[in-house]
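1. Give me coordinates for this.
(one chain, ligands or ions: 1)
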Amino acid sequence: MADAASWSKKSLAAQALGRIDPITKAVVPPIHLATTYIRDPDNAYSSGFVYGRPDNATVRQTEEVIAMLEEAPAGALLFSSGMAAANACFAALSPGDHVVVSAVMYWALRNWLLTEATRWGLRVETVETDDLDALKAAVRPGETKLVWIETPSNPLWTITDIAGAAAIAHAAGARLAVDSTAASPFHTRPLTLGADIVMHAATKILNGHSDVVAGVLAARADDAYWAQVKKVRAGGGAIIGPLEAYLLNRGLKTFYVRAAAQAKGAADLAERLSAHPRVTRVLYPGLPQHPGHDLAARQMENGFGTMLSVQVSGGESAAIGTAAAVRLWKRATSLGGVESLVEHRASVEGPGTPCPPDLLRLSTGIEDPEDLYRDLDEALSAAHR
Ligand code: PLP
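-> Numbering: from 1, shown residues only. You can find the predicted model right below:
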């Protein structure tokens, strides 16, 4: 859009930055499938494209939309999954570097960090990053190179103070990276709060239709670390495919509408489930009784996200029984899609999980909130019969 600066993010996302195909004048961008490009007679690559592994025009278009959403001055980089994006942040470090990461975070990344990243020589320390004093005690000035936080953290939805964590990381000479998958740019833009890198499993609400696996990083500074992250993607070959990038771009057009409806649905559910006789606790940062509520109210906007967890009276068997009895909710892993999902997380995460056995994770979709509540209410009753 020639006058992009004057339109809101919602308008820019709806039109994928308003790009018109210069040849056909199509309002939907074409999908560039070519893996290779003609070199000019003078041996240059004047189009800027050489080969499909380091770069692709459809991928770039989608990256530009996400960079706009995240207010990322140095741009965004798409990867073949959220894990690939996260991996790149750690692979861009050097053996021996010390990293401090949230104790409560996406379990597969925590496992990968503690088992695989350590094999490559990273020194990984976990800490409850919602406690800034604990974070301060864990970082080692001059030694810690990266602080990795996830807020709200999956699946307990604890809140870490992004600006506070950035100040601590920077004072120690480290960068701050934020897994903002659960917040999404609808609620939080970590780079504007001092973070250096923001990461998303774009598989989730950015795409929103449970039909693309994708990850993205966006950066504040175009510095040596970001250059190294780009090298890791190009060399490691973890770029997203053009078809997936196209689908993600299409999903982003309705991102604001979906995120608003899903967050409202989650807030309504959190409130109603808090009063449910079969629910002992609701974990949702929008509830005043949530320990991170005041911070979330300052750090997040447009509500508190689409994710909540409930602890079910009767323990693990009642939680699993409730998930077994739903009819409208889908019993499946993942989050952020238009269809509502319920999952017993402790079964997935296994030994060592910080997730209580009576917890069900709920990803709120766009169905009628009344139906979503009724289905859960009936499932909770069925599990207690
Ligand atoms: N971060 C969070 C918070 C997630 O929930 C997930 C996946 O569930 C990931 C990262 C990893 O993303 P992907 O499954 O696209 O690799």
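2. Not counting its neighbours along the chain, what's nearest Tyr373?
-> Using C-beta to C-beta, 6 or more residues apart in numbering and skipping the chain neighbours, the partner closest in space to Tyr373 is Arg272 (5.5 Å). To be clear about C-beta, it is placed using only N, CA and C from the backbone, and glycine gets the same treatment.
3. Can you check the pLDDT for the one you found?
-> For Arg272, the model assigns a pLDDT of 98.
4. burial of it, as a residue count?
-> 17 (other C-beta atoms under 10 Å).
5. what bridges to the residue in the stretch 151-300 of the chain that the ligand sits nearest to?
-> Distances between the stretch 151-300 of the chain and the ligand by C-beta to the nearest ligand atom are smallest at Ala201, namely 3.0 Å. Beta-bridge partners of Ala201, counted by DSSP bridges, are Gly215.
6. which is the next helix or strand following the helix or strand where the residue nearest to Tyr373 lies?
-> Secondary structure assignment for Arg272, by DSSP states H and E: helix 255-274. Following helix 255-274 in sequence order, the next helix or strand is strand 279-283 (DSSP H and E).
7. buried stuff in that next one?
-> By 16 or more other C-beta atoms under 10 Å, the buried positions in strand 279-283 come out as 279, 281-283.
8. Equivalent analysis for stretch 220-227, please.
-> Residues of stretch 220-227 classed as buried: 220, 225-226 (neighbour count, 16+ other C-beta under 10 Å).
9. From the opening residue of that stretch to its closing one, how far?
-> In stretch 220-227, first residue to last residue: 12 Å (C-alpha to C-alpha, to the nearest Å).
10. And the average pLDDT for it is what?
-> 98.
11. for stretch 297-309, same thing?
-> The model assigns stretch 297-309 a mean pLDDT of 98.
12. And the ligand, is it touching that?
-> No - using C-beta under 6 Å from any ligand atom, stretch 297-309 stays clear of the ligand, coming no nearer than 9.0 Å.
13. can I get the CA coordinates of that stretch in PDB?
-> Output in PDB follows, covering the C-alpha atoms of stretch 297-309 (Å, rounded to 0.1, in the frame of the first residue of the first chain):
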ATOM      1  CA  ALA A 297      -3.700  -5.900  32.100                       C
ATOM      2  CA  ARG A 298      -0.700  -3.500  31.600                       C
ATOM      3  CA  GLN A 299       1.200  -5.600  29.100                       C
ATOM      4  CA  MET A 300      -1.600  -7.000  27.000                       C
ATOM      5  CA  GLU A 301      -4.300  -5.100  25.100                       C
ATOM      6  CA  ASN A 302      -7.600  -6.200  23.500                       C
ATOM      7  CA  GLY A 303      -8.200  -8.800  26.200                       C
ATOM      8  CA  PHE A 304      -6.100 -11.700  27.500                       C
ATOM      9  CA  GLY A 305      -5.900 -14.300  24.800                       C
ATOM     10  CA  THR A 306      -7.800 -17.300  23.600                       C
ATOM     11  CA  MET A 307      -6.200 -20.000  25.900                       C
ATOM     12  CA  LEU A 308      -7.300 -21.100  29.300                       C
ATOM     13  CA  SER A 309      -6.900 -24.100  31.500                       C
END
